[in-house]
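Novice: Provided below are the primary sequence and the corresponding predicted coordinates.
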Amino acid sequence: MWSKIISYIPSWSTLFQAGLALIIPLGIYYINTSIYSFVGSKGAKSKHSSDRPLSDEHNEGHADQQHEPRSKITGNYDSDLKSIRESIGGNSDVHFREFVVKKFHVRSVLVFIEGMQDEELMNKQVLQVLMFEGQQDQQEQPESISNSYIKDSLMPLTQISEVADMEKLHEFILLGHTALLIEGMKEALLVGSPNGAIRSVNEPTSEALLRGPRIGFTEVLSENTSMLRRQGLNKSLEMKKFQVGSRIKKDLVVAYIKDIVNPDLLEEVNRRISKIDMDFLAESGYVEQLIEDNYLSPFQQAHNTERPDRVINALLEGRIAILLDGTPFALIVPVTFSMLLQSPEDYYERWIPGTLLRLLRFCGAFIALMGPALYISFISFHPGLIPTKLVISIIETRQGVPFPSVIEVMILEISIEILREAGIRLPKPIGPAMGIVGGLVIGDAAVNAGIVSPFLVIVVAVTAISSFSIPTYSAGITLRLLRFVGMLFAAILGMLGTILFFLLICIHLTKLKSFGVPYVTPFSPMRLSDWKDMYIRAPISLMKRRPIMMKTQQKKRRS
């Protein structure tokens, strides 16, 4: 009897695997909880301790400004010019063009940054007008020069403004504005607008389409906002400008459609942007990392794009776009997982091919994430789940391979990732050729040397090609990273580890939110009406409502 009872007791290896299956998720859960509690308490303490000092400093700053007024432009030409030279004149790219206003016999100077102004405009509309009496045919001219006379009667410029504060004048000059200082006037004039060399509008390189607009954002914020305006007339399209960066200031624009966007979402985005405190924001990726909900998550919580048409479509769904000066990548918030696998071309083609392409991307994403882990699980732990003829074929190809399957997969996957990175960093004429030739040479040499099996080369190649099908490059990086984690789970626990890894990913995605919107909606929470634009792309005639998850003011797409 005892022998029969003992026969039902699992082996030590099975008990060990079961123990690991229990310990690993519990350990991950407690580590994650501990990190969040530590970061949350630390942030709360720093916030509590910094509230009063910040407010005190703020009040002290206002008090200082009240007791010590900022320097003003005096109207004394020599004194004001000396102040400008002492403050910013030491920069080699700051130029001073002094001249005399002929009609009024007063001295003047143009102060500008080299390469950041329209020289032809300055020569024709400023210097020529002031040095050669301006409008000769005007019958009534004042006896003394004034700002109002210059703006209203002399200079035919669309952008001209006054500055009375000397420190503000220095800031505007360093930002690329051209300043006009005239003797006897207590305000300087900012004429024109910064106009440096810019890149021409080209097709987006990171989001290439066969059918669709061939236009992408540039590094100039005003150009990008004008591209959004040129998509079509919309009186409700509003853009709110912020200045970000404590040392090097840059302009940031939040774009939204006023009568569609959820006011609570807009308020939350504005609040997070206003709290950004950093010396310099070089790219929109800085903004993305500073305003995201969960910085410990490997999944992106803001969608970056170079395409104006994609931004407009997102705004019409109730989302918000964030554009930063100096980068062609705009951010779209909030984002869901299904958005990362959608392409604008899905909507430009008819719904049947668009749905097929989208389903292929979902399949490609699953293969890119789980392909190597499934291979390790089947080969090392569960070969009985594979058809017999295929198992025999795989065993024959693995004859003479000295490494276990996990090491074998690691060698090829790391080699592919290095080749992919090298192909991106190399010059364009060399990069694609090097990636193709390098992959062929390394794969063939590894098989001939007996390091890896030919079947594994096929698995890794299919996995790499599947990862290329993901339209968003950042999402592809995330799946490539998690692929290695899945391989480790499979190497320890086999198919049980692979399933556990997939469940942990699903649990994390279910808990993750982007600006309050669940990351895997409309799958969880279940909203069947939004499934028309998830796995399938329903006919446009049936997509009459905006996504419920966005809680927009106007639910219907049509008036």
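Specialist: Great, that's in hand. Numbers count the residues shown, from 1 in each chain.

Novice: and the nearest residue to residue 367 once chain neighbours are set aside, what pLDDT?
Specialist: If you skip the residues right next to it in sequence, residue 367 has residue 466 as its closest partner in space, 4.1 Å away by CB to CB, 6 or more residues apart in numbering. For glycine as for every other residue, the C-beta is placed from the backbone atoms N, C-alpha and C. What the model reports as pLDDT for residue 466 is 90.

Novice: Test my guess that residue 466 contacts residue 368.
Specialist: Yes: using CB atoms under 8 Å, residue 466 is in contact with residue 368, at 4.4 Å.

Novice: Pick out whichever of these two has more residues nearby.
Specialist: residue 368 (24 against 21; other CB atoms under 10 Å).

Novice: I'd like the mean pLDDT over stretch 400-416, please.
Specialist: Taken as a whole, stretch 400-416 has a mean pLDDT of 86.

Novice: Residues touching it, excluding its own?
Specialist: Around stretch 400-416, the neighbours that count as contacts under CB atoms under 8 Å, 6 or more residues apart in numbering are 372, 375-376, 379-380, 439, 442-443, 446, 450-453, 456-457, 459-460, 463-464, 483-484, 487-488, 490-491.

Novice: Might you calculate how far it sits from the centre of the chain?
Specialist: For stretch 400-416, the distance from its own C-alpha centre to the chain's C-alpha centre is 34 Å (CA atoms, centre = their mean, to the nearest Å).

Novice: Okay, the spatially most central residue of the chain and residue 321: tell me how far apart.
Specialist: The structure's the chain has its C-alpha centroid closest to residue 304; by CA atoms, centre = their mean the separation is 3.9 Å. Using CB to CB, to the nearest Å, one obtains 11 Å as the distance from residue 304 to residue 321.

Novice: Kindly report the same for residue 85.
Specialist: The spacing between residue 85 and residue 321, counted by CB to CB, is 42 Å.

Novice: Likewise for residue 399?
Specialist: Counting by CB to CB, the gap from residue 399 to residue 321 is 57 Å.

Novice: follow-up on the earlier one: ok, now which ones touch the residue nearest to the centre of the chain?
Specialist: With contacts defined as CB under 8 Å, 6+ apart, the neighbours of residue 304 are 284-285, 288, 329-332, 472, 474.

Novice: For residue 248, what are phi and psi?
Specialist: The phi/psi pair for residue 248 (degrees, to the nearest 10) reads phi -110, psi 110.

Novice: wait, residue 518
Specialist: Main-chain dihedrals, residue 518, degrees, to the nearest 10: phi -60, psi 140.

Novice: and it, how many neighbours does it have?
Specialist: 20.

Novice: for residue 132, same thing?
Specialist: Residues lying near residue 132 (other CB under 10 Å) number 10.

Novice: measure it to residue 98 for me?
Specialist: Separation of residue 132 from residue 98 (CB to CB): 16 Å.

Novice: List of residues touching stretch 527-539?
Specialist: Outside of stretch 527-539, the residues that reach it under the criterion CB under 8 Å, 6+ apart are 338, 342, 346-347, 351, 354-355, 358-359, 362, 521-523, 542-543, 545, 547-549.

Novice: repeat that for 7 Å
Specialist: Outside stretch 527-539, the residues that touch it by CB atoms under 7 Å, 6 or more residues apart in numbering are 338, 346-347, 351, 354-355, 358-359, 362, 521-522, 542-543, 545, 547-549.
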